[in-house]
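>>> structure for this input, please:
(one chain, ligands or ions: 2)
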Amino acid sequence: MENFSRKGKMVQISNEGAIKMSVYDVLLNDSGKYFLLGNEAIVRGMIEAGVGFAATYPGTPSSEVGDVLSRIAKKAGIYFEYSTNEIVALEAVAAAAASGVRSFTFMKHVGLNVAADAFMSVSYAGTNSGLVIMSGDDPSMFSSQNEQDNRHYAEFAYMPLLEPSNPQEAKDFLVYAFKISEKYGTPVLFRTTTRVSHLRGIVEYGSKGEIKAKGHFNKNFEKFTLLPSNAYKQKGKLIERYNALKEESDSSYINRVEGKGSDIGIITSGAAYNSVKDAIIELGLEIDILKLGFTFPIPEKKISDFLNSHKRVIVVEELDPYLETKVRNVAQIYGINTSINGKMDGFSPWSYEFNPDRVMEILSKIIGIEIKKDDKYSEIKLPSRPPVLCPGCPHRATFYATKLVSKQLRLEDPIYPNDIGCYSLGYQKPYQMSDFLLCMGSSIGSASGFSQATDQPVISFIGDSTFFHAGIPGLINAVHNNHRVVLIILDNRTTAMTGHQPNPGLPFNAYREPAKEISIEEIVKGIGVKYVRTVDPYDLKETMVAIREAANSDGVSVIIAKRECALLRDERMRREGKWIRYQINQEKCTKCMNCVKNFTCPAIYVDSDGSVKIDPVLCDGCGVCSTSLVCGFHAIERVEQ
Ligand code: SF4
Ligand code: SF4
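Residues are numbered from 1 along each chain as shown. Ligands and ions are numbered 1, 2, ... in the order given. Take a look at the predicted model:
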């Protein structure tokens, strides 16, 4: 029997032929070998580890863990929730683990910054049952605002750190992480990167664990209530635990030496290991590798033995010289003179993810061998296609209305702080409405600063999910300190950018079961904002009236531009059997180009003969372009089929 997955379906090939089954069902099978995504393998690891409670806020590259869980958690007996943000998720799983339920939270690397307050303290408190925290790091910043190396967090918090390199390890190491967690009563940091979370590989199943979703919290004031006097005592225990974990790391099976003996050795971990393996095969080198999976505390003894048995050791790792610093420390402490190369002596780059080409380049420089540069592992250079807001996207209509009002009111050099979500794309021409963006929620916090420190008008944008995640404290701050800010909440009724996960503003939860819908409008009014309007952004006139009134108001004013994401609308229309699209009446079109240049729906294009047309495949029938505020010549007409 062979298995592989294709387009979300697992295909099983047996003597009877191909049987298609859902990857969601496959994860619940008792045994077998399957071709899984790293994040799918992590869900399988949860099942084998007996995880009973999981919580997250979606963020790439960890989102698929939640997407899969939302389908199978109930069947598996796991409680799963999308929490309001990462720190809430971590606090929830820490409480569940303290109550004897094995618990898991997963987030993208910058999510750990949000959770950092609880993260640092939960290490002091420890845990009663297994507690693992996954950080999905994003070298090369495929979908992130930075490429911070979260391995540092483990050392910062004295928390053990495991780093898998492939889907099989992702599953196996997760099970192992829970064992370590319970053996030492500590949370464990489980760090993947995009290339591990999104890599596919064969995964051989182990047996399923016993899943317990309910426990009992036995109070322990000294351990779980981190008042200064208790934290003081816990710090001593934390250091004792750290020393015990050093020995565990040294004897761990996931820190292993590969090779038959060579003068040069490589120390590596995580996704970099895969590139090292390919690179040395390509170069025809036989080099020993110390492959580390348990990277905090580092296995000092294994590293010193490896240094002692090689003349030169090269540390190959992505991002910061995290391992290299520690390897150099070991050499210094143990008085070892082996040459060590890596980033700190300039051979290895500090940025972006590695591939075999990059590793070959590093090795060739250090070892002094010629390499043929064919860059076959590097990205294929395709013509650049910047991301755009989808046809029918309600955010485009909001940006268009804001632009028109800003012009009408002759706002002098307005500042448009933006936030994390698909609407960040407001930075593109012709809108150029993303002047300042640091992190989740910064659109509102920074608005306070701009309104006070300048005399420029400030109009901020934030999505619904991001508003719940990190926008509310910023809004309270702006209202309390009486800053003059217009906030436009782009409520597209989903967390669109990470794959349409629910948020607290929706009437259903992770399992798509009914849940209490939290009203953004009521929150905003409850905070004390005087001017609050909810508008449909497809109604440009109504939206412009609201923006005008808000811009003329004192203090904080809020507009909620509420309209479902165009992709969800398309899906709904298809289900309802409706197909609406628009076309341009060539007799009426004057070729003024307003729809092309100033509205910029990707479905509208200029044909080779100079006529303006709408691509019927791309048009989603929103109809915004047909209004007189976009086409003053009424040339855009509805076609219904
Ligand atoms: S806005 Fe109307 S008239 Fe102008 S180019 Fe577009 S369809 Fe033609
Ligand atoms: S109706 Fe107009 S704005 Fe809407 S998707 Fe079609 S072309 Fe774009």
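>>> which pLDDT value goes with the closest residue to ligand 2 within the stretch 451-600 of the chain?
Per CB to the nearest ligand atom, residue 582 is where the stretch 451-600 of the chain lies closest to ligand 2, at 4.0 Å. (C-beta placed from N, C-alpha, C; glycine too.) We have a pLDDT of 97 for residue 582.
>>> so it belongs to a helix, correct?
No - checked against DSSP: H, G, I helix; E, B strand; the rest coil, residue 582 lies outside a helix; its state is strand.
>>> what's the burial count for it?
23 (other CB atoms under 10 Å).
>>> who's it bridged to?
Applying DSSP bridges to residue 582 yields these beta-bridge partners: residue 638.
>>> from residue 619, how far out is it?
Separation of residue 582 from residue 619 (CB to CB, to the nearest Å): 6 Å.
>>> do residue 361 as well
Distance from residue 361 to residue 619, by CB to CB: 47 Å.
>>> these two: which is more packed in?
The residue with more neighbours, out of residue 361 and residue 619 and counting by other CB under 10 Å, is residue 619; that gives 22 against 18.
>>> tell me the secondary structure at that one.
Secondary structure, three-state DSSP: residue 619 is coil.
>>> okay, residue 9: pLDDT?
So, for residue 9, pLDDT stands at 58.
>>> before we move on, back to that, the residue of the stretch 451-600 of the chain closest to ligand 2 contacts residue 636, doesn't it?
Yes - the pair residue 582 and residue 636 passes the contact test of CB atoms under 8 Å, sitting 5.3 Å apart.
>>> what do those two both touch?
Common neighbours of residue 582 and residue 636, counting by CB atoms under 8 Å, 6 or more residues apart in numbering, are 614, 625, 626.
>>> any chance you could map the helices in the stretch 1-150 of the chain?
Under the criterion DSSP state H, counting those that start in this stretch, helices of the stretch 1-150 of the chain are mapped to 23-26, 38-49, 63-76, 86-98, 109-125.
>>> those: lowest mean pLDDT?
helix 23-26 (a mean of 86).
>>> got the contact list for the residue of the stretch 451-600 of the chain closest to ligand 2?
The contact partners of residue 582, taken as CB under 8 Å, 6+ apart, are 614, 619, 621, 623, 625, 626, 636, 637, 638, 639.
>>> how about the residues of the stretch 501-641 of the chain near ligand 1?
584, 589-595, 612, 631, 633, 635-636 (CB under 6 Å from any ligand atom).
>>> 5 Å - rerun?
Residues of the stretch 501-641 of the chain lying close to ligand 1 (CB under 5 Å from any ligand atom) are 584, 589, 590, 592, 594, 595, 612, 631, 633, 635.
>>> skipping its backbone neighbours, what lies nearest the third one in space?
So that's residue 590. Of all residues not flanking residue 590 in the chain, residue 633 sits nearest, at 5.3 Å (CB to CB, 6 or more residues apart in numbering).
>>> point out the residues in the stretch 301-450 of the chain that sit beside ligand 2.
391, 392.
>>> low-confidence ranges in the stretch 301-450 of the chain?
Along the stretch 301-450 of the chain, segments meeting pLDDT under 70 span 375, 379-380.
>>> can you give me the strands for it?
312-316, 339-341 (DSSP state E, counting those that start in this stretch).
>>> the stretch 101-250 of the chain too?
Applying DSSP E, counting those that start in this stretch to the stretch 101-250 of the chain gives strands spanning 103-108, 131-137, 161-162, 188-193, 200-204.
>>> ok, which of these comes nearest ligand 2?
Comparing the strands of the stretch 101-250 of the chain by CB to the nearest ligand atom, strand 103-108 comes nearest, at 30.7 Å.
>>> for that closest one, which strands pair with it and how are they oriented?
For strand 103-108, pairing defined by DSSP bridges yields strand 53-56 (parallel), strand 131-137 (parallel).
>>> could you dump the ones you listed to CSV with mean pLDDT and mean neighbour count?
Shown next, in CSV, are these (pLDDT from 0 to 100; neighbours: other CB atoms under 10 Å):
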stretch, mean pLDDT, mean neighbour count
strand 53-56, 98, 28
strand 131-137, 98, 30
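>>> out of these, flag the one nearest residue 236.
Each of those has some distance to residue 236 by CB to CB; the shortest is strand 131-137, at 20.6 Å.
>>> quick check: angle from that closest one to helix 38-49?
Counting by axes from the mean of the first three to the mean of the last three CA atoms, to 10 degrees, strand 131-137 lies at 170 degrees to helix 38-49.
>>> how far is strand 131-137 from where the chain is centred?
12 Å (CA atoms, centre = their mean, to the nearest Å).
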